[in-house]
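K.L.:
sequence first, predicted model second:
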Amino acid sequence: MLMNKKGDFVGIFVFMIFALIIVLVSAIFIYIGGETQDQLKASLGSMDLATEDVNATIDDTFGDVNAAYGGLYWISIFVIVGMILGIFIGSYLVTTKPVFFLPYIFMVIIAVVVSVGISNAYEQIVNNPTLASTFAGFVGANFILLHLPIWVSIIGMTGGIIMFARMGKGQEVSYYG
């Protein structure tokens, strides 16, 4: 499976798109969970559904869901860091020819240009007064996505260095298989 892998030029685009999607979906879950709990408290008031057999207050039921959603703040950054490490590992496993160095550089430049738009759009979302408190907890993810062009440049160039520095060693390994 890994022996015939010829290139990994789109990994940086997949990283940008999935990092944005992961953070946005996580923020939507956290925001909707908080709003739902607030609306339940407002509409039901202090109505206590607890009986002798059942303990069913809003905080005991839906509050636990929101506590679980709190884990999405750090889970999102771990997934993003995992994708970055995956790009580096994928670059190491790719055997390529030197002729692909120039197209790789162009792909990184295009990725940096695209990442500027993604970063600006993310900044608009983060600065929205309705969602600002939700996004405030995404400290690591905010740092990466707000500085996405710098991260894409570093990840792209480091991945390229790993990929093209290993290009001579890839042919030696394939002869023994």
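P.N.:
The structure has been received and is ready for your questions.

K.L.:
for the spatially closest residue to Val65 that is not a sequence neighbour, give its distance to Ala67.
P.N.:
Nearest non-adjacent residue to Val65, counting by Cβ to Cβ, 6 or more residues apart in numbering: Gly33, 5.9 Å away. Bear in mind the C-beta positions are built from the backbone N, C-alpha and C, glycine included. Separation of Gly33 from Ala67 (Cβ to Cβ, to the nearest Å): 9 Å.

K.L.:
same question for Leu148.
P.N.:
For Leu148, the distance to Ala67 - Cβ to Cβ - is 30 Å.

K.L.:
buried residues, stretch 77-92. List them.
P.N.:
Ile77, Val79, Ile80, Met83, Ile84, Ile87, Phe88, Gly90, Ser91 (16 or more other Cβ atoms under 10 Å).

K.L.:
grab the nearest non-local neighbour of the fifth one.
P.N.:
Spatial nearest neighbour of Ile84, chain neighbours left out: Ile155 (5.9 Å); criterion: Cβ to Cβ, 6+ apart.

K.L.:
ok, that neighbour touching Ile12?
P.N.:
Yes - at 6.2 Å, Ile155 counts as touching Ile12 under the criterion of Cβ atoms under 8 Å.

K.L.:
lovely, talk soon.
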